[in-house]
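Build the 3D model from these lines:
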Amino acid sequence: MIETERLILRPWKEADAPVLFRYACDPDIGPIAGWPPHTSEEDSLEIIRTVFASPETYAVVLKESGEPVGSCGIMFSDSLHSADMKQEEAEIGYWIGKPYWGRGLIPEAVMALLARCFGDLHLNAAWCGHYDGNTKSKRVIEKCGFKYHHTNTDVVSPLGDRRTEHFYIMTKEDYNAIHLNRKR
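Okay, the predicted model is just below:
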């Protein structure tokens, strides 16, 4: 479990399936990130049991309500990911329910994951990416201090269509510089 000012990042529970479905069925959430909207609570439960059972995958839970409103996670080079990573590197992924867009919750969660990447997991770099047109995700990446690295075109998304994907990186040195500046 990871705690921030407004959030608790914790493993997903099977009991979260109804609330996960409430947010993940929205067609404005999944497809822009490359995954299909959930079609039922049973679909959401299956995602919790499989995809969200991966290590370092967290429900983004509001402290004030105790409700999961999104998901975030750290994906390693030996798991499903988009970035072309080396050992000692990982990719961060995230999404949040539409009622919570624009509140700075995902940047808060991503900064907590970066602290985990570089502090607890001793990684050398963290990657983040977004598909063309996903301006909200791009904004999170920029807010968190990632640096643009490269663009891949004609990438087949998990939905089977072809897209352009932009990748950003943060090295441990970049993170330490940002973290020191925020403390001042």
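
hey, let's count contacts and neighbours off CA atoms from now on
Fine.

got a list of contacts for the host helix or strand of residue 91?
Using DSSP states H and E, residue 91 sits within strand 89-96. The contact list for strand 89-96, computed with C-alpha atoms under 8 Å, 6 or more residues apart in numbering, reads 23, 29, 60, 69-77, 81-83, 85, 106, 110, 113, 117, 123-129.

Next: stretch 170-182.
114, 118, 123-127, 145-147.

go on, stretch 108-116?
2-4, 7, 9, 60, 72-74, 92, 94, 126, 144, 175.

Try it again at 7 Å.
Stretch 108-116 is touched from outside by 4, 144, with contacts defined as C-alpha atoms under 7 Å, 6 or more residues apart in numbering.

swap in stretch 50-65?
6-12, 67-74.

Mind listing the strands the helix or strand encompassing residue 127 pairs with, and their directions?
Taking DSSP H and E as the definition, residue 127 sits inside strand 125-131. Strand 125-131 has the following sheet partners, assigned by DSSP bridges: strand 89-96 (parallel), strand 162-171 (antiparallel).

Can you name the element that comes right after that strand?
helix 135-143.

Remind me what the next helix or strand after that next one packs against, helices and strands.
Using DSSP H and E, the helix or strand that follows helix 135-143 in sequence is strand 147-156. Contacts defined by 3 or more C-alpha pairs under 7 Å, 6 or more residues apart in numbering; DSSP states H and E place strand 147-156 against strand 162-171.

returning to that earlier point: any of the contacts of stretch 50-65 buried? List them.
7-12, 67-74 (16 or more other C-alpha atoms under 10 Å).

Mind checking which of those are in helices?
Counting by DSSP state H, none of the members of the buried ones among the contacts of stretch 50-65 fall within helices.

Turn the residues you listed into CSV, including pLDDT and distance to residue 55.
Converted to CSV, the buried ones among the contacts of stretch 50-65 look like this (pLDDT from 0 to 100; distance: C-alpha to C-alpha, whole Å):
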residue, pLDDT, distance to residue 55
7, 98, 19
8, 98, 16
9, 98, 13
10, 98, 11
11, 97, 9
12, 98, 11
67, 96, 21
68, 97, 18
69, 97, 19
70, 97, 17
71, 97, 13
72, 97, 11
73, 96, 8
74, 96, 8
